[in-house]
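Asker: Generate coordinates for the sequence data below:
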Amino acid sequence: MNFRQIECFRAVMHTGSMTLAAAQLHTSQPNVSRAIALLQRETQLQLFERVGLRVVPTPEAHALLKEVDRVYVGLQSIGHAADRIRTLGVEGLRIAVTPGLGISPVPRILQVFRGLRPRVQVVVHTADSATICKWVSSGYYELGLAGYVALPQEVDTELVHSERAVCIVPRGHRLARKRKVVPSDLAGESFISFASSDVVRIAIDRVFDPEVRRLEIETSLATAACAMVARGLGVSIVNPAMLSELALTGVHALVFDPAIPFECHVVRARQQPAQALVADFLEAVRIVVGGPENTARKKVSRSPG
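Answerer: Coordinates of the predicted model:
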């Protein structure tokens, strides 16, 4: 029994005629008759009876057709799956990003990526940078966008963007007229800080005298910090890209010295098979944030130890 015999059998069953089946299969009627005869011989089943000029299926033929149609549905599903994989990639694209990068620049990156791959399903999950590295290393996500690279992890990383932090104060604040502020300018101000485990928080803490700065509010979300400053609850140090995305009117941004970088690292699992979707997403990343005018690039391999 071979696929051609099954194909001919199914065509005869659905058309009710060997002549119509032959036309459907772009072959001759004798070829269809020969295939049916071989199928009956090999299965030892009487599948058709001739009544005058017509062939009439037997009960055995109807029973066999149920199994044949079930196989054909499976084959069609395989064909559709192949089309989907060719067009959309393997189950779409799964990426993990930090909450801050999820506000900016990820929406702009996805906008460009959608132009390259308009039908691809994209799943975006947020987590802290250390968790993103673990997820990508395990292969659960194709790639990640992290603020820093947590070691040790079996990941390859590339710094695609770095932006200098700004100090934000409420509109009308006493510091709003200054061009630049330094840590001593914030003495006595209610300071809105990131979570203590955040790498940027650690970098910010290093430049302040803990005896002078008033840490009164702590949040893990940069969006929340910006909104709190807009409400006059204090001052903070944030990524300037956040401000342009949120378009807050109650916040004034100032240059902060010394420079504190907010970084964006692309994180990929080592020895990961090349995938066209990932390449297109990386192209979108470079279009949005990877220009030579606004980033310094560096590729590093990370491995345990």
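Asker: Domain parsing of the chain, as residue ranges.
Answerer: Here the domain parsing of the chain from automatic domain parsing is 3-88, 93-162+262-302, 166-259.
Asker: mind checking how far F256 is from C226?
Answerer: As defined by CB to CB, to the nearest Å, F256 lies at a distance of 15 Å from C226. Using the backbone N, CA and C atoms, a C-beta is placed for each residue, glycine as well.
Asker: do S196 as well
Answerer: 19 Å.
Asker: who has more neighbours, these two?
Answerer: In this comparison of S196 against C226, neighbours counted by other CB atoms under 10 Å, the higher total goes to C226 at 25 against 11.
Asker: Which residue ranges of the stretch 101-250 of the chain form helices?
Answerer: Per DSSP state H, counting those that start in this stretch, the stretch 101-250 of the chain carries helices over the ranges 106-116, 129-138, 199-206, 222-230, 240-246.
Asker: okay if I get those helices as a markdown table plus mean pLDDT and distance to H14?
Answerer: Shown next, in a markdown table, are the helices of the stretch 101-250 of the chain (pLDDT from 0 to 100; distance: least, CB to CB, whole Å):
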| stretch | mean pLDDT | distance to H14 |
| --- | --- | --- |
| helix 106-116 | 93 | 41 |
| helix 129-138 | 85 | 47 |
| helix 199-206 | 88 | 65 |
| helix 222-230 | 91 | 59 |
| helix 240-246 | 82 | 57 |
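Asker: could you dump these to a markdown table with distance to V56?
Answerer: Rendered in a markdown table, the data for these read as follows (distance: least, CB to CB, whole Å):
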| stretch | distance to V56 |
| --- | --- |
| helix 106-116 | 55 |
| helix 129-138 | 59 |
| helix 199-206 | 78 |
| helix 222-230 | 72 |
| helix 240-246 | 71 |
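Asker: Between the ones you listed, which one is closest to N31.
Answerer: When the helices of the stretch 101-250 of the chain are compared for distance to N31 using CB to CB, the nearest one is helix 106-116, at 46.2 Å.
Asker: Can you tell me what sits against the closest one?
Answerer: Identification of contacts with helix 106-116 by CB atoms under 8 Å, 6 or more residues apart in numbering yields 97, 120, 122, 124, 145, 245, 280-281, 283-285, 287-289.
Asker: Which of those sits closest to M18?
Answerer: Using CB to CB as the measure, the one of the contacts of helix 106-116 that approaches M18 most closely is V120, at 44.8 Å.
Asker: quick one: that closest one and R206, what's the gap?
Answerer: Looking at V120 against R206, where the rule is CB to CB, the gap reads 42 Å.
Asker: Repeat that for E218.
Answerer: For E218, the distance to R206 - CB to CB - is 17 Å.
Asker: of V120 and R206, who's got more company?
Answerer: Neighbours were counted for V120 and for R206 using other CB under 10 Å; V120 has more, 16 against 10.
Asker: List the backbone torsions phi and psi for that one.
Answerer: Dihedral angles phi and psi of V120 (degrees, to the nearest 10) take the values phi -80, psi 130.
Asker: which stretches of the stretch 101-250 of the chain have low pLDDT?
Answerer: By pLDDT under 70, the low-scoring segments of the stretch 101-250 of the chain are 151-153.
Asker: would you put the C-alpha positions of stretch 108-117 in CSV?
Answerer: Extracted in CSV, the C-alpha atoms of stretch 108-117 (Å, rounded to 0.1, in the frame of the first residue of the first chain):
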residue,chain,number,x,y,z
ARG,A,108,9.3,51.6,18.8
ILE,A,109,11.3,48.4,18.1
LEU,A,110,8.1,46.4,17.7
GLN,A,111,6.7,49.0,15.4
VAL,A,112,9.7,48.6,13.1
PHE,A,113,9.6,44.8,13.5
ARG,A,114,5.9,44.7,12.5
GLY,A,115,6.9,46.4,9.3
LEU,A,116,9.4,43.6,8.6
ARG,A,117,7.1,40.7,9.8
